[in-house]
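[1] Need coordinates for the following:
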Amino acid sequence: MPTGIDAVDRVLDLVAGLDVRPLGEHAAVFEEAHADLRHTLDNPPAASA
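    This is a model prediction of the structure:
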């Protein structure tokens, strides 16, 4: 379900694709997702007018 925030939606898509990735890649995907979400929280997109 899209959030309307591009950076968050990209992370959701990344995590949703875990089912087709090898288990050995899951930790790296979660680390990337966490870093991307942290960056978005620290630098929120400007509100649309």
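
[2] List the contacts of the residue nearest to the spatial centre of the chain.
    Geometric centre of the chain, nearest residue: V11, 1.6 Å, by C-alpha atoms, centre = their mean. Going by C-beta atoms under 8 Å, 6 or more residues apart in numbering, V11 touches 33, 36-37, 40. For glycine as for every other residue, the C-beta is placed from the backbone atoms N, C-alpha and C.

[3] Could I have the buried ones of those as PyMOL selection syntax?
    Restricted to buried positions by 16 or more other C-beta atoms under 10 Å, the PyMOL selection for these reads:
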select buried, resi 33+40
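
[4] follow-up on the earlier one: work out for me the element the residue nearest to the centre of the chain sits within.
    helix 6-16 (DSSP states H and E).

[5] which of the residues in that helix are buried?
    Under 16+ other C-beta under 10 Å, the buried positions of helix 6-16 are 8, 11.

[6] Just the C-alpha atoms of the following helix or strand past it, please, in PDB.
    Once the chain leaves helix 6-16, the next helix or strand it forms, by DSSP H and E, is helix 23-42. C-alpha atoms of helix 23-42 as PDB (Å, rounded to 0.1, in the frame of the first residue of the first chain):
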ATOM      1  CA  LEU A  23      18.000 -15.700   2.900                       C
ATOM      2  CA  GLY A  24      21.600 -14.700   3.100                       C
ATOM      3  CA  GLU A  25      20.700 -11.300   1.600                       C
ATOM      4  CA  HIS A  26      17.800 -10.500   4.000                       C
ATOM      5  CA  ALA A  27      19.900  -8.900   6.800                       C
ATOM      6  CA  ALA A  28      21.600  -6.500   4.300                       C
ATOM      7  CA  VAL A  29      18.100  -5.600   2.900                       C
ATOM      8  CA  PHE A  30      16.800  -4.800   6.400                       C
ATOM      9  CA  GLU A  31      19.900  -2.800   7.200                       C
ATOM     10  CA  GLU A  32      19.400  -0.800   3.900                       C
ATOM     11  CA  ALA A  33      15.700  -0.300   4.700                       C
ATOM     12  CA  HIS A  34      16.500   0.900   8.200                       C
ATOM     13  CA  ALA A  35      19.100   3.300   7.000                       C
ATOM     14  CA  ASP A  36      16.800   4.700   4.300                       C
ATOM     15  CA  LEU A  37      13.900   5.100   6.700                       C
ATOM     16  CA  ARG A  38      16.200   6.800   9.300                       C
ATOM     17  CA  HIS A  39      17.400   9.200   6.600                       C
ATOM     18  CA  THR A  40      13.800  10.000   5.700                       C
ATOM     19  CA  LEU A  41      12.900  10.600   9.300                       C
ATOM     20  CA  ASP A  42      15.900  12.800   9.800                       C
END
